[in-house]
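K.L.:
Task: produce atomic coordinates for the following.
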Amino acid sequence: MRRLHLAVGILAVIAFLATGQFMRRHEPPMAALEDGLRVMYRSRHIYLLGSGLVNLMLGLYPHARVAGWRRITQALGSVLLLASPILLLMAFLNEPGLGVRADLWQGSFGLFAMFGGSMLHAIAGIGQRAGKPEAKAASAGAA
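P.N.:
Numbering: from 1, shown residues only. Below is the predicted model of the structure:
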């Protein structure tokens, strides 16, 4: 999972840079758009960065759980975190064109996936001490 998080994190940060360039070159200029539409573009742009950085950090600092429920919880969290930048990029591309009052599910699901995945990773790590055999085995496997 480490390499997948790292790859998705790098791709999401690149997508963040690309969406920034899109907004910079947008016609009409972003400043000329109505406030609601401009905020939709900018918020989805920033959310994409957040999900990319979370995945990037998980790719750089892996801490795999070995024991049953912790490993399953961490894996579910990883699935949600990997889905988050995809949903948020789709939201950037689709939702502003739908308007502020439309049913905007991609951005919401992307944020919920980022939050839920982060919480599942936190739950898997709570109470886990560095001295426990589970942590030593994970450290040896990561090296």
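
K.L.:
Give me the neighbour count for the closest residue to residue 15 other than its chain neighbours.
P.N.:
Leaving aside its chain neighbours, residue 15 sits nearest to residue 89 (5.3 Å; criterion: Cβ to Cβ, 6 or more residues apart in numbering). In short, each C-beta sits where N, CA and C put it, glycine included. Counted with other Cβ atoms under 10 Å, the neighbours of residue 89 add up to 24.

K.L.:
Also residue 52?
P.N.:
Neighbours of residue 52 (other Cβ under 10 Å): 24.

K.L.:
can you pull the contacts of the residue nearest to residue 15?
P.N.:
12, 15, 19, 48 (Cβ atoms under 8 Å, 6 or more residues apart in numbering).

K.L.:
next one: phi and psi at the first one?
P.N.:
In this case it means residue 12. phi -70, psi -40 (degrees, to the nearest 10).

K.L.:
ok, now how distant is it from residue 6?
P.N.:
Going from residue 12 to residue 6 by Cβ to Cβ, to the nearest Å gives 11 Å.

K.L.:
The third one now?
P.N.:
Noted for residue 19: a distance of 20 Å to residue 6, by Cβ to Cβ.
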